[in-house]
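Colleague: could you work out the structure for the sequence below:
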Amino acid sequence: MENAADALKMAAAVLIFVVALSISINAFGEVRKTSRVILEYKDREYDYTYVDENKDDAGKVSTERWVGIETIIPSIYKAYKENYKVVFTNIVLYKKINPLENGGLPQEINYIDLQEKNLGIASDEQKRIFIVAILYGKNGYNMIQDKSLYGSKTWDDIKKEFKSLNIDFCNDEGLIGQIKDKKYRELLGEYYQDEIEASDQTSVEDIPDVNRKKKRIITYSDT
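Modeller: Sure, this is the predicted structure:
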């Protein structure tokens, strides 16, 4: 009888272990499934924000659309937080002051690309102020109940600071004053940075696919 009782106890313990193991495996499976759903949802939101499938009058799918300031401004802030390049075909956003050995002539820049190697902006705070300066110009000094978007710095302080980085904010009024009440054609694209940055000694084929960086580019044109 004792052996039978011990056998029943062992069988019960094994059964409980199997049930607990099954529950654990099922729980891990649910966690993995939930994680995948969250990631896929985030990816869909990320893509749909900028790559909606629009249909023209002929019913053809196109990633082109006409947008206004309410769409352009969030796109520019994307360039601040993520690897985006935003281009305006006929608007000068700032000037790059070239060293004397390169002629010393300022270069008109019509795009925002905070991942550009020779931009010279290092800190996140400088990147934020750079975006604000392009958007608002000197008007960023008196925004939202006279609270400065530049902190304690004046507009002259900002211009002087960035001139030391060879960046000249040539438009004191900012981009918003130029594009408000206008519509622009938005063109979407993407490319691999490695194809642009590859040196003569390093070809694109030498870079593993997992290390290649995809950059999204948004172009705004009024034609």
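
Colleague: give the contact list for Asn90.
Modeller: Asn110, Ser221, Asp222 (CB atoms under 8 Å, 6 or more residues apart in numbering). Heads up, the C-betas are built off the backbone N, CA and C, glycines and all.

Colleague: how many neighbours does the last one have?
Modeller: The local packing of Asp222 (other CB atoms under 10 Å) involves 13 other residues.

Colleague: how about the first one?
Modeller: Neighbours of Asn110 under the rule other CB under 10 Å: 15.

Colleague: on that earlier part again, same list, the contacts of Asn90, but as JSON lines with secondary structure please.
Modeller: Listed next are the contacts of Asn90 as JSON lines, based on DSSP: H, G, I helix; E, B strand; the rest coil:
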{"residue": "Asn110", "secondary structure": "coil"}
{"residue": "Ser221", "secondary structure": "strand"}
{"residue": "Asp222", "secondary structure": "coil"}
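
Colleague: hmm, which of those is lowest in pLDDT?
Modeller: Taking the contacts of Asn90 together, the minimum pLDDT is found at Asp222 (90).

Colleague: give the contact list for it.
Modeller: Thr89, Asn90, Lys182, Lys183, Tyr184, Arg185.

Colleague: by neighbours, which of the residues you listed wins?
Modeller: Tyr184 (21 neighbours).

Colleague: wait, isn't it in contact with Ile218?
Modeller: No - look at Tyr184 against Ile218 with CB atoms under 8 Å: they stay out of range, at 10.3 Å.

Colleague: strands of the protein, start to end?
Modeller: 54-55, 61-62, 65-67, 84-88, 94-96, 107-109, 111-112, 167-168, 184-192, 214-221 (DSSP state E).

Colleague: can you list the ones you listed in a markdown table and add distance to Ile129?
Modeller: Converted to a markdown table, those look like this (distance: least, CB to CB, whole Å):
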| stretch | distance to Ile129 |
| --- | --- |
| strand 54-55 | 35 |
| strand 61-62 | 36 |
| strand 65-67 | 26 |
| strand 84-88 | 17 |
| strand 94-96 | 12 |
| strand 107-109 | 17 |
| strand 111-112 | 13 |
| strand 167-168 | 11 |
| strand 184-192 | 25 |
| strand 214-221 | 22 |
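
Colleague: ok, which of these comes nearest Ser123?
Modeller: strand 167-168 (14.1 Å; CB to CB).

Colleague: by contact count, what packs against that closest one?
Modeller: strand 94-96 (3 or more CB pairs under 8 Å, 6 or more residues apart in numbering; DSSP states H and E).

Colleague: which neighbours does the strand it packs on have in its sheet, and in what orientation?
Modeller: strand 107-109 (antiparallel), strand 167-168 (antiparallel) (DSSP bridges).

Colleague: which of these is buried the deepest?
Modeller: Highest mean neighbour count among these (mean count of other CB atoms under 10 Å): strand 167-168, with a mean of 20.

Colleague: residues in contact with that strand?
Modeller: Tyr94, Lys95, Lys96, Ile97, Pro106, Leu119, Gly120, Ile121, Phe130, Lys159, Phe162.

Colleague: swap in 10 Å and give it another go.
Modeller: 94-97, 106-109, 119-121, 126, 130, 133-134, 159, 161-162 (CB atoms under 10 Å, 6 or more residues apart in numbering).
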